[in-house]
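[1] I need the structure of the sequence given here:
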Amino acid sequence: MEEKPTRSLRALATAASMYDTFPGTIIPFQVCSCALGEASWIPKIYHWDGTYRTIFRLTRAEISACLALFESGACDIQPDALSRVMAMSTGDFLYIAECLLSDPTVEHSYIGIWCVIWRSLRGASWV
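    Numbering: from 1, shown residues only. Alright, predicted model coming up:
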């Protein structure tokens, strides 16, 4: 069984890996005060291979819960409550489920999330 400090480090590594795929984003510093090893978004059942190099594999709901915690610094939401979330907004960023940005006639099995920076749209005039 994995100990809490190890779970916390794996949770941070998982979030860092996720944030690496979002251009222009950084992990907010305020999340350092959270007990990451006890966060709701960490999968309850997972395979631990005894090494510290493995990150958690997350569902879209778990990714959404992770984003809510990291972007707010305090909102530890149960992933089940976010199972139908398709997009989230925080600051200048929109986090959008990849299936919304794809061909709707194609069945999607992936859980990808895209990050869109929308600061360039501010002040735009819409006719």
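[2] what is the least confident helix or strand in this structure?
    Lowest by mean pLDDT, DSSP states H and E among the helices and strands of the chain is strand 113-117, with a mean of 82.
[3] does anything pack onto it? Which helices or strands?
    helix 60-72, strand 93-97 (3 or more C-beta pairs under 8 Å, 6 or more residues apart in numbering; DSSP states H and E). Any C-beta I mention is one placed from the backbone N, CA and C, and that applies to glycine too.
[4] which of these is buried the deepest?
    helix 60-72 (a mean of 22; mean count of other C-beta atoms under 10 Å).
[5] can you give me how far that one is from the chain middle?
    Centre-to-centre, helix 60-72 and its host chain are 4 Å apart (C-alpha atoms, centre = their mean, to the nearest Å).
[6] angle of that helix against strand 93-97?
    Put simply, helix 60-72 runs at 170 degrees to strand 93-97, going by axes from the mean of the first three to the mean of the last three C-alpha atoms, to 10 degrees.
[7] what about the residue lying closest to residue 116 once chain neighbours are set aside, distance to residue 24?
    Distances taken as C-beta to C-beta, 6 or more residues apart in numbering place residue 94 nearest to residue 116, at 4.4 Å, with adjacent residues excluded. Residue 94 sits 12 Å away from residue 24, going by C-beta to C-beta, to the nearest Å.
[8] who are the contact partners of the residue nearest to residue 116?
    87, 88, 115, 116, 118 (C-beta atoms under 8 Å, 6 or more residues apart in numbering).
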